[in-house]
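Novice: Please find the sequence and the predicted model below.
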Amino acid sequence: MTTSAAHARHSRTYQVRTHGCQMNVHDSERISGLLEAAGYLRAGESDDPDVVVFNTCAVRENADNRLYGNLGQLRPTKQKHPQMQIAVGGCLAQKDRSEIVRRAPWVDVVFGTHNIGSLPALLDRARHNAAAEVEILESLEVFPSTLPARRESTYAGWVSISVGCNNTCTFCIVPALRGREKDRRPGDVLAEVRALVDEGVLEVTLLGQNVNSYGVEFGDRLAFGKLLRACGGIDGLERVRFTSPHPKDFTDDVIAAMAETPNVCHSLHMPLQSGSDTVLRAMRRSYRAERYLGIIDKVRDAMPDAAITTDIIVGFPGETDDDFERTLDVVRAARFSSAFTFQYSIRPGTPAAEMPDQVPKAVVRERYDRLIACLEEITWAENRRLLGKTVEVLVAVGEGRKDDRTGRLSGRARDGRLVHFAAGGFAGRIRPGDIVETVIDYAAPHHLNADAEPVAHRRTRAGDAYEAGRSPRTGGVLLGLPTVGAPPTVPIAASACDR
């Protein structure tokens with residue numbers, strides 16, 4: 001980048017709008033970090049930004065409608081302010097490519113999932129050439145964790161351990177858009193975790209499309225359990241979570257690591273998708289309902305307090321009434337604490353899109369409503385089991401939409417449940433990032449309330465960072481991709497999973 005280019009965008013402001021999963025949220029932190037490293041400033045809530053970046057999802061049908069609807073809303077602003085730039089990245093950009101510019105010619109930049117790091121240069125080029133720039137790579141250019149990040153939370157951070165996916169689920173477009181799985185080396189992952197903890201972060205979530213296949217690429221099928229145990233040795237790291245595992249790769253050593261490592265939370269998000277073996281076979285999900293429930297039994301034997309959440313798709317092509325009843329059977333047996341539920345929608349480019357016996361939308365909706373009713377009955381009963389119990393809550397920002405009206409604060413218990421609590425005599429002293437202990441006195445299907453004064457309040461470094469207005473910023477953390485030849489020396493303490 002030339003000095004003139006840097007000067008031209010001096011004090012230009014940006015805004016990133018994120019759609020989709022945790023991977024997208026973490027990618028957006030990288031996008032923000034890149035733009036700030038290139039001289040852009042984050043726009044205020046009421047400001048009109050000079051650059052708007054959409055980081056998109058392509059998993060569900062309404063993702064397309066949402067993006068093009070948002071782009072349409074921005075068109076009048078772009079017409080009034082021609083120097084404003086609009087960029088589209090993420091999975092939908094990887095899928096639609098030049099189609100985005102054809103449908104929304106006021107878009108300036110389209111970039112894919114494999115070349116996030118190109119965004120500042122593409123914005124410069126589009127501005128210089130006064131023409132749209134579309135750059136989509138077919139394979140990963142650099143591991144996203146080599147890029148700087150502007151973290152959104154002072155107390156919780158995302159850390160990618162892998163990108164891409166080697167599974168071939170017939171409903172999923174992610175492998176086509178994110179590519180084959182690439183694993184970071186354990187030492188690089190731990191270095192990033194330590195960097196976050198040094199910034200005051202208390203909770204880390206390890207991210208991957210399939211976290212428990214981690215290590216296969218560099219020849220260690222037990223690497224994920226070792227990684228969890230290694231996180232247990234990091235001073236100042238109070239909570240470790242991970243998402244998402246795949247039942248086919250779930251091994252007993254991971255359960256043991258969860259149960260035996262004090263800072264690993266007893267919460268597990270494990271997608272079910274369907275309780276019907278026939279549908280699971282059609283989905284190319286290489287486990288069956290009995291295997292799935294067997295894993296849950298083992299988890300609960302090792303951790304009776306574990307909260308288990310899941311993903312379920314209703315109305316997959318060919319799903320019969322009996323298939324759907326099998327799903328309800330598994331839901332009742334598994335006793336989930338919550339679930340992400342989806343009505344199947346056709347995604348062009350997936351094998352399921354071409355399957356016969358697509359289920360009518362009215363039937364899908366009726367089954368979906370029944371599933372929600374069944375789940376809410378179970379999650380409400382599971383939450384009521386915590387009445388009268390003392391829980392540890394990591395105080396959060398923005399978790400409770402009604403907090404201003406109710407006078408409560410909100411946060412997450414160690415098992416991931418959402419807790420709204422009264423500050424009582426601690427009012428004015430509790431900050432996001434602090435830890436409170438409080439007694440549950442009300443349970444709803446999707447949250448818990450604690451309206452008595454907290455039992456305890458602990459001020460933390462994360463709370464100090466929030467009070468000081470500091471957001472964690474991490475620079476690039478080594479490439480992390482396996483290479484030919486001897487790996488470089490990693491300047492961190494050795495651990496059981498550094499290999």
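Specialist: Yes, it's here.
Novice: any idea which helix is longest in this structure?
Specialist: helix 361-384 (DSSP state H).
Novice: So for that helix, what gets flagged as buried?
Specialist: For helix 361-384, burial by neighbour count (16 or more other C-beta atoms under 10 Å) applies to Val364, Arg367, Tyr368, Leu371, Leu375, Ile378, Thr379, Glu382, Asn383. (Each C-beta comes from the backbone N, C-alpha and C, glycine too.)
Novice: Could you do stretch 259-268 as well?
Specialist: Neighbour counts using 16+ other C-beta under 10 Å place Ala259, Thr261, Asn263, Val264, Cys265, His266, Ser267, Leu268 of stretch 259-268 among the buried residues.
Novice: Ser213: neighbouring residues, count only.
Specialist: 23 (other C-beta atoms under 10 Å).
Novice: Mind pulling the model confidence for it?
Specialist: In this model, Ser213 is scored at 93, pLDDT.
Novice: For it, which non-adjacent residue is closest in space?
Specialist: Asp249 (4.6 Å; C-beta to C-beta, 6 or more residues apart in numbering).
Novice: same check, this time on Asp415
Specialist: Ala307 (3.8 Å).
Novice: Quick check: the one you found touching Gly416?
Specialist: Yes: Ala307 lies in contact with Gly416 (C-beta atoms under 8 Å); the separation is 5.6 Å.
Novice: ok, those two, which is more surrounded?
Specialist: Ala307 (23 against 19).
Novice: and that one, bridged to which residues?
Specialist: Judged by DSSP bridges, the bridge partners of Ala307 are Ser267.
Novice: Dump the buried residues of stretch 259-268 to a markdown table, plus pLDDT and distance to Ala131.
Specialist: A markdown table is the format used below for those (pLDDT from 0 to 100; distance: C-beta to C-beta, whole Å):
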| residue | pLDDT | distance to Ala131 |
| --- | --- | --- |
| Ala259 | 98 | 57 |
| Thr261 | 98 | 53 |
| Asn263 | 98 | 51 |
| Val264 | 98 | 50 |
| Cys265 | 98 | 49 |
| His266 | 98 | 53 |
| Ser267 | 96 | 48 |
| Leu268 | 96 | 49 |
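Novice: Could you work out the most separated pair of these?
Specialist: Greatest spatial distance in the buried residues of stretch 259-268: Asn263 and Leu268, 15.3 Å, computed using C-beta to C-beta.
Novice: Show me the helices in the stretch 101-250 of the chain, by range?
Specialist: Here the stretch 101-250 of the chain has its helices, by DSSP state H, counting those that start in this stretch, at 119-129, 174-178, 186-198, 223-231.
Novice: cool, and the stretch 251-400 of the chain?
Specialist: Using DSSP H, counting those that start in this stretch, helices in the stretch 251-400 of the chain cover 252-260, 277-283, 289-302, 321-334, 361-384.
Novice: Identify the bridge partners of Glu437.
Specialist: With DSSP bridges as the rule, Glu437 is bridged to Glu392, Ala456.
Novice: surely Leu418 meets His446?
Specialist: Yes: using C-beta under 8 Å, Leu418 is in contact with His446, at 6.9 Å.
Novice: So which of those two has more stuff around it?
Specialist: Here Leu418 and His446 are compared on neighbour count by other C-beta under 10 Å; more neighbours surround Leu418, at 19 against 13.
Novice: Point out where the stretch 51-200 of the chain drops to low pLDDT.
Specialist: 60-61, 140-147, 149 (pLDDT under 70).
Novice: Where do the strands of it begin and end?
Specialist: 51-56, 85-90, 109-111, 133-135, 149-150, 156-160, 162-163, 182-183 (DSSP state E, counting those that start in this stretch).
Novice: What strands flank the last one, and is each parallel or antiparallel?
Specialist: Paired strands of strand 182-183, with direction, are strand 162-163 (antiparallel) (DSSP bridges).
Novice: Report the contact partners of Val363.
Specialist: Applying C-beta atoms under 8 Å, 6 or more residues apart in numbering to Val363 gives the contacts Gly315.
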